[in-house]
Each structure stands twice: as C-alpha cells, then as structure tokens.
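1. Sequence and computational prediction follow.
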Amino acid sequence: MEFRNLTNLSITDLLSVFNLSFSDYLVPFHLVEEQLIYKINVEKIDMTLSVGAFHEDQIVGFILHAEKIEAGKRIIYNAGTGVVPDYRGRGLVRKMYDYIFPILKDRKSNALMLEVIEGNNPAIRAYTNLGFKTTRKLLCFKGNINITERNSESNIQQIDKFDWELFKCFWDIEPSWQSSPMVVEQMKKDCMIFGAYNKDELVGYAIFNPEIGKVYQIAVKKNNRRNNIGTNIFRTIGEMSKGKVIVVNNVDDSSECTSQFLTAMGLENWVSQFEMVNYITTEL
C-alpha cells in the first residue's frame, strides 16, 4: 500500500473512489463530475494537503483537505474521508493520517477539523483514537416551509453583496466550515442574499441558494428578535421555492432558539453531526 498526495490524481479517478466509498454510507450520496469540481472549488480543497491510499496504483481511500488562516491560526478542514468497501478494516484512515500529520506539523498548522454523522460509531472511535475531540453538535434540517400567518412589519429586499462586518454582529454562533464566509464567498454567483429592513436599518438576513434549496446562513439582530423578522425572510424563500424542499445544515445545537425557529417554519432535524477537532500544535 502506498500513500501520497492527490496532486496527480485525475478528477475521474477521484469521482470513482468518492462515489464508491459513500455508496453505503449512513446517508448515501452520489456526485457527478460537475458537482465534485464545484465542491473542490468552493471548499478550497487543496490536493497537495489531501492524501490517498493506493494499491497497485489504484486509489482505494482518500482524505480531502482544505485550509484557511483565521485570527492568525492555520486551520485544516477534512472535507471528506472515504475508503472503498473491499479495503475497510485495514486501518487505512489512520495510515493516511500518519502520512499527512507530519506534513501539517511542518506547515505549522494549528488545528484539524472535521464533521462526522452521529451514529457513525466506528468513525467516531477512529477519530477519537487519532486525538480528535468533539467540540459541538450540529443539527441538519430539511422540509417544506409552512407559514400560515402573515406579517409585514419588516421589508424584505435582495442585497447585492456580503457585508460580513455587519452580518457577524447578528451572530450568536460561528457557522460551520461549509457555511463560513470563506466558502460562501466562492458561491456568490449561485446565492441570493435577502435582507430584512425596519425603515432603512438592516435587522436580519439570509443567504440562500435557490438551485439546491439550501440556506447557508440566517441571522437576526439581537434586539429585533421575536418580531417575525426571520419568519418574513423564510416566507420570501418559501414563496420563491414553490414547494421545494429547503435544507439548513449544521446548526449549532447550543442555539435552541434557531432550532425552535426552524421547526416552527416546517423543517425537521433529520440528521445530526459532531464537529471534531485535533489540536495539532496548540488549542485555538
């Protein structure tokens, strides 16, 4: 078995091993080539930091890594780990990490982050044995928006650009990697930003991809909550979606008000994940 980075791996071979590895996953999914390329681009997956397990030059396992520098810390994100069914039980995930950990340390990376589905106990045990610690639980919601009452206190308008300095003032919790500003910026052309205004003041916003029905962020200014502002934003999204299923992933379960709000909008918590972190050099 040989372990090396993925810089010379073709997108066709990566797609094949990706889909085979996830074909019997707890939440099975299948990508086409365009979707995998999109994932690589928007999540900023770096093939020099990603690793594969090769048997007779055939890839049988992989770890995809992305990187960001935030507040002076270098953070590595595991954007996907997979091993094809015939090669499981051989400790390939540990061996791939044994290969990549020295490289990340030489790079002075501070932390390695990933998400694992609740109930995937073999993976949770494996990551725990590798030194990962659970930092929070993330809830994933989906469903049809179901709002009966109408309220017009706030005016919903489309916003042309991300105003992160202002948006972050509305946050109680940090978004997960896939909904972070760095990633969402890469999807700008695919997303719509809805702002809720009281007179000329922005009091809430949502970032929504209408093509896939996914809400990446929604937040309301603290002093303006419980005034149907979030409801008005979701009503706009629902009217635009025309009955399409809406997805909101990776909601921090410590934000009970967000979970209650999404449930009230007609969505259900259908699966949950644990965010896990390995502090490579020093805790964040």
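-> It's in. Residues are numbered from 1 along each chain as shown.

2. what comes up buried for stretch 21-29?
-> 21-22 (16 or more other CB atoms under 10 Å). The C-beta positions use only the backbone N, C-alpha and C, and glycine is treated the same way.

3. what do you get for stretch 164-181?
-> 167, 170, 175-181.

4. same thing with stretch 63-79?
-> Those would be 63-68, 74-79, for stretch 63-79 by 16+ other CB under 10 Å.

5. sorry, back to before: the buried residues of stretch 164-181 in helices, which ones?
-> With helices defined by DSSP state H, the entries of the buried residues of stretch 164-181 inside them are 167, 181.

6. Export the buried residues of stretch 164-181 as CSV, with columns for distance to Val248.
-> Listed next are the buried residues of stretch 164-181 as CSV, based on distance: CB to CB, whole Å:
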residue, distance to Val248
Phe167, 16
Phe170, 16
Pro175, 11
Ser176, 11
Trp177, 15
Gln178, 12
Ser179, 9
Ser180, 15
Pro181, 17
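
7. pLDDT for the buried residues of stretch 164-181 - can I get that in CSV?
-> As requested, the buried residues of stretch 164-181 are arranged in CSV below (pLDDT from 0 to 100):
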residue, pLDDT
Phe167, 97
Phe170, 96
Pro175, 95
Ser176, 94
Trp177, 94
Gln178, 92
Ser179, 95
Ser180, 95
Pro181, 95
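
8. tell me the contacts of Arg136?
-> 252-254, 274-275 (CB atoms under 8 Å, 6 or more residues apart in numbering).

9. The helix or strand where it lies pairs with which strands?
-> Assigned by DSSP states H and E, Arg136 belongs to strand 133-143. The pairing partners recorded for strand 133-143 under DSSP bridges are strand 246-252 (antiparallel), strand 268-279 (antiparallel).

10. buried set for that strand?
-> Those would be 136, 138-143, for strand 133-143 by 16+ other CB under 10 Å.

11. With stretch 222-237 instead?
-> For stretch 222-237, using 16+ other CB under 10 Å, the buried residues are 224-225, 227-237.

12. How about stretch 246-266?
-> Buried residues in stretch 246-266 (16+ other CB under 10 Å): 246-252, 258-259, 261-262, 265-266.

13. now swap in stretch 12-21 and tell me
-> Buried residues in stretch 12-21, counted by 16+ other CB under 10 Å: 14-15, 17-21.

14. about what we covered before: out of the buried residues of stretch 222-237, which are inside helices?
-> Those of the buried residues of stretch 222-237 mapping onto helices are 229-237, per DSSP H.

15. Can you show me the strands along the stretch 51-200 of the chain?
-> Residue ranges of the strands in the stretch 51-200 of the chain, as given by DSSP state E, counting those that start in this stretch, are 51-55, 58-70, 73-83, 111-117, 133-143, 155-159, 192-198.

16. where are the low-confidence patches of the stretch 1-150 of the chain?
-> Confidence mapping of the stretch 1-150 of the chain against pLDDT under 70 gives the ranges 148-150.

17. and the residue nearest in space to the middle of the chain, what is it in contact with?
-> In the chain, the centroid-proximal residue (CA atoms, centre = their mean) is Gln178; its distance is 2.9 Å. Residues near Gln178 by CB under 8 Å, 6+ apart: 43, 216, 249-250.
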